[in-house]
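1. Return atomic coordinates for the entry below.
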Amino acid sequence: MEHFSPISASIGGALIGLSCAILWLANGRIAGISGIFGQLLPPQSAVVWRLTFLVFLVLGTLAASYVIPGLGVGGPAGRPAALVTAPSWFSPGTIVWVAASGLLTGFGTKIGNGCTSGHGIVGLARLSKRSFAAVAVFFVVAIGVVTLTGVV
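-> Purely as a prediction, here's the structure:
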C-alpha cells in the first residue's frame, strides 16, 4: 500500500460495480465469484455464462496489466507480483501456507453462503441484512488473522 492512488482505486471500484450491474441486469445473476465458480464442477445449469464471466475476468486483468504496467503492484515502477511468503513461525513452507489459506477461504465461503464479492459488493448494494452480517464477520476474521499471523 505504499503507492496507493485514490484515482486508480476509484476507477477499479467503478468498473467492478459496473460489471456486477451488467451481470445483474443482463442475466439476473449476482456476481459472486465463489458461486459462479462453485457451480462449474459438477456442472450445474447455465455453464456457458459462468465460463464466459470467469474467462473475461482473467482476460480483463491480463489486458489491464499490459495497458497499464505495474497497475496495483507498487505503482507504475512497481515490482512484479509475487506470492505472499509464509510467516517465519510456520515451518511447513509457503506452498502449504497458500494451500491452507485457499482451503480455509473456500470453507468460509461455503459456510457463509457466499464470498466477499457476492456479499460485499452486490449484497451491500442491495441492502441485504445477511450480507451486512457476513461482511462484518469477514472484517473481524481478517483483523484477527492479520493480528495473529502478522501477514498483511
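2. domain parsing for this protein?
-> 1-82, 83-152 (automatic domain parsing).
3. can I get the ones you listed in a markdown table with mean neighbour count?
-> Where you see a C-beta, it was placed from the backbone N, CA and C, and this is true even at glycine. Formatted as a markdown table, the domains of the chain follow (neighbours: other CB atoms under 10 Å):
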| stretch | mean neighbour count |
| --- | --- |
| domain 1-82 | 12 |
| domain 83-152 | 14 |
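4. Any idea which of the ones you listed has the lowest pLDDT on average?
-> Mean pLDDT values for the domains of the chain show the minimum at domain 1-82, a mean of 79.
5. That one: how far from the chain's middle?
-> Mean-position distance between domain 1-82 and its chain equals 8 Å (CA atoms, centre = their mean, to the nearest Å).
6. likewise stretch 109-123?
-> On CA atoms, centre = their mean, the centre of stretch 109-123 falls 10 Å from the chain's centre.
7. That one: end-to-end distance?
-> Stretch 109-123 has an end-to-end distance of 14 Å (CA to CA, to the nearest Å).
8. I would like the residues contacting that stretch, please.
-> 16-17, 20, 24, 30-35, 38, 105, 128, 130-132, 134-135, 137-138 (CB atoms under 8 Å, 6 or more residues apart in numbering).
9. Show me those residues that map onto helices.
-> 16-17, 20, 24, 33-35, 38, 105, 130-132, 134-135, 137-138 (DSSP state H).
10. Give me the helices and strands touching the helix or strand encompassing Val58, please.
-> Taking DSSP states H and E as the criterion, Val58 maps to helix 47-67. Packing partners of helix 47-67 (3 or more CB pairs under 8 Å, 6 or more residues apart in numbering; DSSP states H and E): helix 33-38.
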